[in-house]
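*Asks:* below are the sequence and a predicted model for it; my questions follow.
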Amino acid sequence: MAVVKRLTRRSKAAVKLEIRRLSLNEIGVLSQEASDHARSARGRPEWLARNADDIREAVMKVFGPESEGVTRCVVTLVMESGAPRWFTLDVANEVLKELPVLDRQELADLASLLLEHAVHIQLDE
């Protein structure tokens, strides 16, 4: 799989554009770790607890470097009941490297799923 590189506004450095899969349990652990280390992006633990039954899938991509050894990530949640939700989460680089990267078919499936939930624009009156 070819790795696409792009420039981020935050770092002006090339980063890999990889989407990683993670479980709700992993999000909870990463959120707790972010809180324990006083990181600014700590996820949404209370919201996740209230909405866990409605979450179909969770994926994460790098937003950019946050601090030494920590990367700011965007977590996107595909919901059973409607539009996807997202939030930021600061993740230690060594942990980030361990999360599985989606392959081409998984990326296509995810894109299809997200497109199904795009908000429809009503006709002009």
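*Replies:* Ah, there it is.
*Asks:* list the contacts for S31?
*Replies:* When the contact criterion is CB atoms under 8 Å, 6 or more residues apart in numbering, the partners of S31 are R42, G43, R44, P45, L48, L89. The way it works is simple: take the backbone N, C-alpha and C, and place the C-beta from them, glycine included.
*Asks:* how about V119, phi and psi?
*Replies:* Reported as degrees, to the nearest 10, the phi and psi values for V119 are phi -80, psi 130.
*Asks:* quick one on the thing from earlier: reformat the contacts of S31 as JSON lines; add secondary structure and neighbour count.
*Replies:* Formatted as JSON lines, the entries for these read as follows, by DSSP: H, G, I helix; E, B strand; the rest coil; neighbours: other CB atoms under 10 Å:
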{"residue": "R42", "secondary structure": "strand", "neighbour count": "19"}
{"residue": "G43", "secondary structure": "coil", "neighbour count": "23"}
{"residue": "R44", "secondary structure": "coil", "neighbour count": "18"}
{"residue": "P45", "secondary structure": "helix", "neighbour count": "14"}
{"residue": "L48", "secondary structure": "helix", "neighbour count": "19"}
{"residue": "L89", "secondary structure": "strand", "neighbour count": "24"}
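*Asks:* just these now: which is nearest Q122?
*Replies:* Set against Q122, the nearest of the contacts of S31 by CB to CB is R44 (29.5 Å).
*Asks:* now the closest one: closest residue in space, sequence neighbours ignored.
*Replies:* F87 (4.9 Å; CB to CB, 6 or more residues apart in numbering).
*Asks:* that neighbour: neighbour count?
*Replies:* Applying the criterion other CB atoms under 10 Å, we find 17 residues in the vicinity of F87.
*Asks:* now the host helix or strand of P65: mean pLDDT?
*Replies:* Here P65, judged by DSSP states H and E, is contained in strand 55-67. The average pLDDT for strand 55-67 rounds to 90.
*Asks:* just give the strands next to it in its sheet, each with its orientation.
*Replies:* Sheet neighbours of strand 55-67, with direction, are listed as strand 19-21 (antiparallel), strand 70-79 (antiparallel) (DSSP bridges).
*Asks:* let me have these in TSV, adding mean pLDDT as columns.
*Replies:* Shown next, in TSV, are these (pLDDT from 0 to 100):
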stretch	mean pLDDT
strand 19-21	93
strand 70-79	93
